[in-house]
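Chemist: Quick one, structure for this:
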Amino acid sequence: MAIGRLRLKKKAYDFPPYRPPSEAGSLLLRVTRGCPWNKCTFCSMYRNLVFERRPVNEIKDDIASAGEHYSETVKTVFIADSNSLIVRTDNFIEILEHLRKTFPYIERITSYARAKTLQKKPLEDLKSLRQAGLTRFHVGLETGSADLLRDIRKGITPDEFVEGGIKAKTAGFELSVYILLGIGGEERWSEHARDTASVLNLIDPHFIRVRTLQPQPGSEIYKNMKEGKFRKASHETALKEQKMIVENLRVTSQYLSDHISNYIPVNGKFPESRAAMLKTIDENLKELENNPDLLQKFMNKDRLNSL
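Modeler: Presented below is the predicted three-dimensional model:
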């Protein structure tokens with residue numbers, strides 16, 4: 001959404017640094033800065049940014065600036081940064097109402113959210129936000145393993161995640177859940193795969209979005225990998241892990257490998273696409289043994305250091 005043009009205005013637009021790939025065409029609106037948790041060992045995104053809630057009037061100014069350029073063309077909006085749901089409900093509703101007034105053709109407004117915040121937020125507050133126009137939450141599960149969640153300092157248990165996810169669906173939201181292939185390393189992949197499928201089965205989110213761990217400079221897990229304390233999952237292990245997840249899912253979700261970090265494209269709707277998805281994984285597992293070009297392609301993914 002050509003945010004660069006907005007920067008030419010005398011009053012600068014507060015541009016958010018991160019958004020899901022699925023929001024590439026959305027207007028980006030920054031409601032908070034940084035992450036209120038900011039402790040996950042695999043994440044380096046907000047390490048040097050102190051969390052803050054932006055004043056509502058500043059946010060309205062950004063909406064007005066965007067409206068001067070895009071009032072009739074904006075169909076989708078993504079609200080940043082990492083956990084906008086932490087904003088007071090009445091303030092959030094005021095922002096949403098101003099958005100809908102400025103952009104009359106909005107079809108979707110989405111946001112990142114922590115599952116812990118969803119779990120704690122009163123159901124009536126969530127229903128009010130849904131009524132005000134917020135439509136979808138992007139929520140990071142990463143893994144369904146209780147031990148791994150503790151080790152990566154996610155700050156939530158599997159049961160709490162399930163409670164938060166079900167509450168979001170009950171309030172009428174679309175739920176997009178992220179899982180992180182390889183977060184268990186080379187040794188704990190089966191535990192990660194088995195427990196992740198179990199948690200997803202309890203929630204049955206609308207979307208399951210797959211990412212593959214490519215440890216980033218600035219994260220604790222990257223430091224641990226360099227010091228030999230964490231052994232990154234091999235290419236074969238990452239594919240086997242994904243295969244086990246797909247085999248064990250009993251959901252009606254859309255499954256999407258929509259990120260540059262992933263080794264192969266595994267996409268489909270459960271349960272009808274399961275066989276085709278497994279075939280894709282099996283074919284790549286077999287080809288990986290004797291195809292140097294495929295191996296090089298995977299190795300290029302391992303070098304990504306600005307995700």
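
Chemist: Point out where this structure drops to low pLDDT.
Modeler: 1-11 (pLDDT under 70).

Chemist: Please, where are all the strands along it?
Modeler: Here the chain has its strands, by DSSP state E, at 27-30, 32-33, 52-53, 76-80, 108-112, 136-142, 174-181, 207-212, 254-256, 268-269.

Chemist: Would you format those as JSON lines with distance to Glu68 and mean neighbour count included?
Modeler: No exception for glycine: its C-beta is placed from N, CA and C like everyone else's. Below are those laid out as JSON lines (distance: least, Cβ to Cβ, whole Å; neighbours: other Cβ atoms under 10 Å):
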{"stretch": "strand 27-30", "distance to Glu68": "12", "mean neighbour count": "22"}
{"stretch": "strand 32-33", "distance to Glu68": "23", "mean neighbour count": "20"}
{"stretch": "strand 52-53", "distance to Glu68": "25", "mean neighbour count": "13"}
{"stretch": "strand 76-80", "distance to Glu68": "16", "mean neighbour count": "24"}
{"stretch": "strand 108-112", "distance to Glu68": "19", "mean neighbour count": "23"}
{"stretch": "strand 136-142", "distance to Glu68": "26", "mean neighbour count": "24"}
{"stretch": "strand 174-181", "distance to Glu68": "30", "mean neighbour count": "22"}
{"stretch": "strand 207-212", "distance to Glu68": "33", "mean neighbour count": "23"}
{"stretch": "strand 254-256", "distance to Glu68": "34", "mean neighbour count": "20"}
{"stretch": "strand 268-269", "distance to Glu68": "40", "mean neighbour count": "16"}
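
Chemist: Could you dump those into JSON lines with distance to Ala66 added?
Modeler: Shown next, in JSON lines, are the strands of the chain (distance: least, Cβ to Cβ, whole Å):
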{"stretch": "strand 27-30", "distance to Ala66": "6"}
{"stretch": "strand 32-33", "distance to Ala66": "17"}
{"stretch": "strand 52-53", "distance to Ala66": "20"}
{"stretch": "strand 76-80", "distance to Ala66": "9"}
{"stretch": "strand 108-112", "distance to Ala66": "13"}
{"stretch": "strand 136-142", "distance to Ala66": "20"}
{"stretch": "strand 174-181", "distance to Ala66": "23"}
{"stretch": "strand 207-212", "distance to Ala66": "26"}
{"stretch": "strand 254-256", "distance to Ala66": "27"}
{"stretch": "strand 268-269", "distance to Ala66": "34"}
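
Chemist: To Gln119, which of the ones you listed lies closest?
Modeler: Among the strands of the chain, the nearest to Gln119 by Cβ to Cβ is strand 136-142 (10.7 Å).

Chemist: Can you name every helix or strand that that closest one contacts?
Modeler: Contacts defined by 3 or more Cβ pairs under 8 Å, 6 or more residues apart in numbering; DSSP states H and E place strand 136-142 against strand 108-112, helix 115-120, helix 158-170, strand 174-181, helix 189-203.

Chemist: again, only using 7 Å
Modeler: When contacts are defined as 3 or more Cβ pairs under 7 Å, 6 or more residues apart in numbering; DSSP states H and E, strand 136-142 packs onto strand 108-112, helix 158-170, strand 174-181.

Chemist: which one of the strands of the chain lies closest to His235?
Modeler: strand 207-212 (9.7 Å).

Chemist: what separates that closest one from the chain centre, distance-wise?
Modeler: Here strand 207-212 is found 8 Å from its chain centre; the criterion is Cα atoms, centre = their mean, to the nearest Å.

Chemist: before we move on, the earlier item: now the helices and strands packed on strand 136-142 in CSV, with distance to Ser71?
Modeler: Below are the helices and strands packed on strand 136-142 laid out as CSV (distance: least, Cβ to Cβ, whole Å):
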stretch, distance to Ser71
strand 108-112, 15
helix 158-170, 30
strand 174-181, 25
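
Chemist: ok so, going back, of the strands of the chain, which is nearest Phe230?
Modeler: Minimum separation from Phe230 across those (Cβ to Cβ) falls at strand 174-181, 13.4 Å.
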